[in-house]
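Student: one predicted model, sequence on top.
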Amino acid sequence: MAGAILAVAVIAIALSARPLTREGALAREHLLGQRLHLDQTLAAERATLRSVDLPYVVMFARPRAAGRLVRNLLAREGIGRRAGADPTFFGAGRLGVRFAAVAVVGGAVALAFLTASPTSPPPDQSDVLDDLDGSYGVAVTDARFDATLVRSDDGSARLDVVERLRADVAAHLRAVPQVTRAWRDVVDGHDQGLRVQEITVDGRAVPFEQTRRMGYAVVQSRLPDDWEGEHDVEVRYTLDRPVVAAQADGAAVEELTWTALMPRWTWTWQLPDLETERLRMSLTLSDELADSLTDGSGWLDGTPNRPDEPPIPFGDTLQRGDQAVVAFDENVDDEYESDSLWPDGYGGVQLRFAEGTFAASPAPGIGHALWIGLPWALGPVLGLLAVVLGLVGSLARGRIGVQRDLARWMPPSLTIAQMFLVGWAAGEASDDDPILPVVLVPLVVSIVVGVFAFIRTRRTSAPGERPRHPARPRRKSAATR
């Protein structure tokens, strides 16, 4: 109750707006008297820029009326035309330059810290599954991947995949080990429409959840209790849109990329003294489809650091019969043999067909192409802007106004933005990566032009202009009086 009374008293005092001191009362009475005097003498109609009453007229007038009055007085005196030449006057243009300079740096920082550059190596399987509860504890000693390419009556393609894994499961871990798989289902901007249909353990279907992490498809079983020991695991999934229209050597083709395994796939399938010893992979398609294959088909051979590596030709691994089958059977002991197909990076198949083989999905739109080209274009564009604005601003007459601000604010801002973007676009580039000169040369040129523009636009006193802060005269000492 006491709190409510105190609150009411405080509100009453605040709403009364009565001064609580004698000095405050005198100030209030003075201002009310001044307001009455200005109203009776029509001070607003007589005011000039040199009138001592102008501050009070502006203070007592409504905001719009006060703004209109000041603008009219400035126009009457011709100050509106000279305001841009006043180094201490900040109009919309000069404020806009400062806002743009801050926005450029802010945009570069956001781009660098919130997105991954298309020129950066993509994550591997251990990155995608990092800190995912249940992803550790299932060692796969034998893995077999069988895919079947089907062309529907409407001409669309579908890829059905069955993964058969011989698993050895640990027990008494912090989290119950789960069947965990990750796939690259978006290739060069094309979403292949991956759907997990079923996960079975020893022939029994188990619950699972399909999600996305870092832009990759991830599926994980939801087993509630430990399941220690050896088990047979099957994962069945489908790619609903595996084929996309593409260009190869200037010709239109249709391309299928099946990424069965991601780089460093063995890391998440290991336990102490257990590792993947055998790997089998096959893809089955009709003879008619096999006849439509073109150059560029083969086993994936790319890695995160060289994702565009051409595939290894099928060679003898392509067998023809009632159907065409490409397959290999490799052991870990032969991993480093020259003819081994044991995947060092991505594991899977790339197929290229003649145009018209399928009702292929259209190639990714202009947005994907712009995003891929952004790291290559952003540095030169910002560098060119820094050079142009720095040189144009350096020609400012009298070294004042918006033109001078362009030279003093924008080149440094664009240079700082490029510094962040260099790390974003080329932070993991090798010494011979062509992206390095693309981003470093504009940065160096921007620094040189920025320093030149800053020195060139230093403000100097105009002829006859009094210094803004004149030096105080020295006081004569008693000895010289």
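Tutor: All right, it came through fine.

Student: how near is the residue nearest to W269 when sequence neighbours are not counted to R164?
Tutor: Leaving aside its chain neighbours, W269 sits nearest to V140 (4.0 Å; criterion: Cβ to Cβ, 6 or more residues apart in numbering). For glycine as for every other residue, the C-beta is placed from the backbone atoms N, C-alpha and C. Relative to R164, V140 is positioned 10 Å away (Cβ to Cβ, to the nearest Å).

Student: now the closest residue to N305 other than its chain neighbours: how far from A25?
Tutor: Of all residues not flanking N305 in the chain, P121 sits nearest, at 5.3 Å (Cβ to Cβ, 6+ apart). Applying Cβ to Cβ, the value for P121 to A25 is 74 Å.

Student: neighbour-wise, which of these two wins?
Tutor: P121 (16 against 12; other Cβ atoms under 10 Å).

Student: kindly provide the distance from A157 to L370.
Tutor: Distance, A157 to L370, using Cβ to Cβ: 28 Å.

Student: about what we covered before: so the residue nearest to N305 touches R306, yeah?
Tutor: No: counting by Cβ atoms under 8 Å, P121 sits too far from R306 to count as a contact (9.1 Å).

Student: common neighbours of the two, please.
Tutor: Common neighbours of P121 and R306 are not found (criterion: Cβ atoms under 8 Å, 6 or more residues apart in numbering).

Student: which residues of the stretch 251-400 of the chain fall in strands?
Tutor: 251-261, 278-285, 298-299, 318-320, 324-331, 347-354 (DSSP state E, counting those that start in this stretch).

Student: lowest-confidence stretch among the ones you listed?
Tutor: Across those, strand 318-320 has the smallest mean pLDDT, namely a mean of 90.

Student: residues near T415, how many?
Tutor: Applying other Cβ under 10 Å, we find 25 residues neighbouring T415.

Student: please disregard the earlier target; I meant L149.
Tutor: For L149, the number of neighbouring residues by other Cβ under 10 Å comes to 25.

Student: ok, now the one 3 residues further on?
Tutor: Here the neighbour count serves as a burial measure; for S152 (other Cβ under 10 Å) it reads 10.

Student: could you do the one 3 residues further on as well?
Tutor: Counted with other Cβ under 10 Å, residues neighbouring G155 total 12.

Student: do the same with L414
Tutor: Neighbours of L414 (other Cβ under 10 Å): 28.

Student: does it count as helix, strand or coil?
Tutor: Of the three states, L414 takes helix under DSSP: H, G, I helix; E, B strand; the rest coil.

Student: need the contact list for the residue nearest to it when sequence neighbours are not counted.
Tutor: The shortest distance from L414 to any non-neighbouring residue, by Cβ to Cβ, 6+ apart, is to A386 (4.1 Å). By Cβ under 8 Å, 6+ apart, the contact set of A386 is M410, P411, L414, T415, Q418, P442, V445, S446, V449, G450.

Student: how close does A386 get to D287?
Tutor: For A386, the distance to D287 - Cβ to Cβ - is 60 Å.

Student: quick one: contacts for A112?
Tutor: F420, L421, G423, W424.

Student: next, the buried residues of the helix or strand hosting it.
Tutor: In this assignment (DSSP states H and E), A112 forms part of helix 92-114. For helix 92-114, the neighbour count (16 or more other Cβ atoms under 10 Å) marks R94, V97, A101, V104, V105, A108, L111, A112 as buried.

Student: where's the dip in pLDDT among those?
Tutor: Within the set of the buried residues of helix 92-114, pLDDT is lowest for R94 (81).
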